[in-house]
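1. My questions concern the predicted model and sequence given below.
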Amino acid sequence: MENTNFIIQFLEWLMSFDRAAVILAATAIGTGLAMIAGIGPGIGQGFAAGKGAEAVSYNPKTSKQVTTVMLLGAAVAETSGILSLVIALIMLYGNPMVNLSGGAIVIAASAIGAGLSMIAGIGPGIGQGYAAGKSTEMTGKRPKHQSSIVRTMFLGQAVAQTTGIYAMIIALVLMFANPLINLL
Amino acid sequence: MEPITGKALILAASAIGAGLAMIAGIGPGIGQGYAAGKGAEGVGRQPEAQGDITRTMLLGAAVAETTGIYGLIIALILLFANPLIGLL
């Protein structure tokens, strides 16, 4: 009897390839997925840039201070994008998964999962960018309090980064210390 | 139909990966659009500060562009200098 379960058919077709090919193909998809995190810093830093333009228009004399705070905040908001880039580059140029022994399907799925996990970087990127934008706005309004504004901003941004770090830990575990392979 | 080789599978998945990487372009688009909007608002409110406002806006927008460029780089690597084929 013909097997009509298309998922099983697809997996059997996939397993007809060389195991390295399946893992590398999954790595290519995972690399692309990881870069989706770039959405976050893009939105967040754009918000900071907008608030910077607004603050300068209210009080053009504070232009320098406003720009400094905007760039500081935007630099922190960039972190998640850089972490994703690092994971993508590791997958491309230092792929730890292709030489692993064990179920090829598990390793391939782990490569896609590592990429998916890095998408979490959207959140910290947007959140830290919002903090950067608000700090920029307030520096424009009250330039005297720049240092305490920036300190509060950094503190909040550090907390906002946590979920991005969790995601990176999971991605690194899936890539370098995969516990699933031994369970097969 | 000719049989699909392992290399073909990697190349097909690389095409998907390159497309996925470019989804990151959503972010800079939204963010820079917000910045441009606020820039226009600021110039309307304070036309004499146009130079300062535009400079701040462009500086911030340039920073917001970076993640879009990262996505583009990864997509271009997957398309034109794919390191995964060599590992097969």
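-> Thanks, I have the structure now.

2. where's residue A:71 relative to residue A:140, distance?
-> To residue A:140, residue A:71 is 14 Å away according to C-beta to C-beta, to the nearest Å. All C-beta atoms are positioned from the backbone trio N, CA, C, and that covers glycine.

3. more neighbours, those two?
-> residue A:140 (25 against 19; other C-beta atoms under 10 Å in any protein chain shown).

4. What are the buried residues along the helix or strand of chain A with the lowest mean pLDDT?
-> Here the helix or strand of chain A ranked lowest by mean pLDDT, DSSP states H and E is helix A:6-15, holding a mean of 87. Neighbour-count burial for helix A:6-15, counted by 16 or more other C-beta atoms under 10 Å in any protein chain shown, picks out residue A:14.

5. Tell me the helix or strand right after that helix.
-> helix A:19-35 (DSSP states H and E).

6. packing partners for that next one?
-> If you count contacts as 3 or more C-beta pairs under 8 Å, 6 or more residues apart in numbering or on different chains; DSSP states H and E, helix A:19-35 packs onto helix A:79-93, helix A:104-118, helix B:6-21, helix B:50-80, helix B:84-87.

7. Now find how far off-centre the second one is within its chain.
-> When you say that, I think you mean helix A:104-118. Chain-centre distance of helix A:104-118: 15 Å, with C-alpha atoms, centre = their mean, to the nearest Å.

8. Which one of the helices and strands packed on helix A:19-35 lies nearest to residue A:32?
-> For residue A:32, the closest of the helices and strands packed on helix A:19-35 is helix B:6-21, at 3.1 Å, according to C-beta to C-beta.

9. The closest one vs helix A:19-35, what angle?
-> For helix B:6-21 against helix A:19-35, the angle by axes from the mean of the first three to the mean of the last three C-alpha atoms, to 10 degrees is 10 degrees.

10. element containing the residue in chain B positioned nearest to chain A, please.
-> Closest to chain A within chain B is residue B:31: 1.7 Å, counting by C-beta to the nearest C-beta. Applying DSSP H and E as the criterion places residue B:31 in helix B:26-45.

11. I'd like the distance from residue B:23 to residue B:11, if you could.
-> 20 Å.

12. Let me see the contact set for the most centrally placed residue in chain B.
-> Nearest residue to the geometric centre of chain B (C-alpha atoms, centre = their mean): residue B:68, 2.0 Å. Neighbouring residues of residue B:68 by C-beta atoms under 8 Å, 6 or more residues apart in numbering or on different chains: A:38, A:42, B:24, B:25, B:27, B:28, B:29.

13. same thing but 10 Å
-> Going by C-beta atoms under 10 Å, 6 or more residues apart in numbering or on different chains, residue B:68 touches A:35, A:38-39, A:41-42, A:81, B:22, B:24-29, B:31-32.

14. What of residue B:88?
-> Per C-beta under 10 Å, 6+ apart, neighbours of residue B:88: A:18, A:20, A:21, A:23, A:24, A:25, A:98, B:5, B:6, B:7, B:9, B:10.

15. what's the answer for residue A:134, then?
-> A:47, A:48, A:51, A:73, A:149, A:152, A:153, A:156.

16. 8 Å instead, please
-> Contacts of residue A:134 by C-beta under 8 Å, 6+ apart are A:51, A:153.

17. C-terminal to the helix or strand hosting it, which secondary structure element comes first?
-> Residue A:134 is part of helix A:122-141 when elements are defined by DSSP H and E. As assigned by DSSP H and E, the chain's next helix or strand after helix A:122-141 is helix A:146-176.
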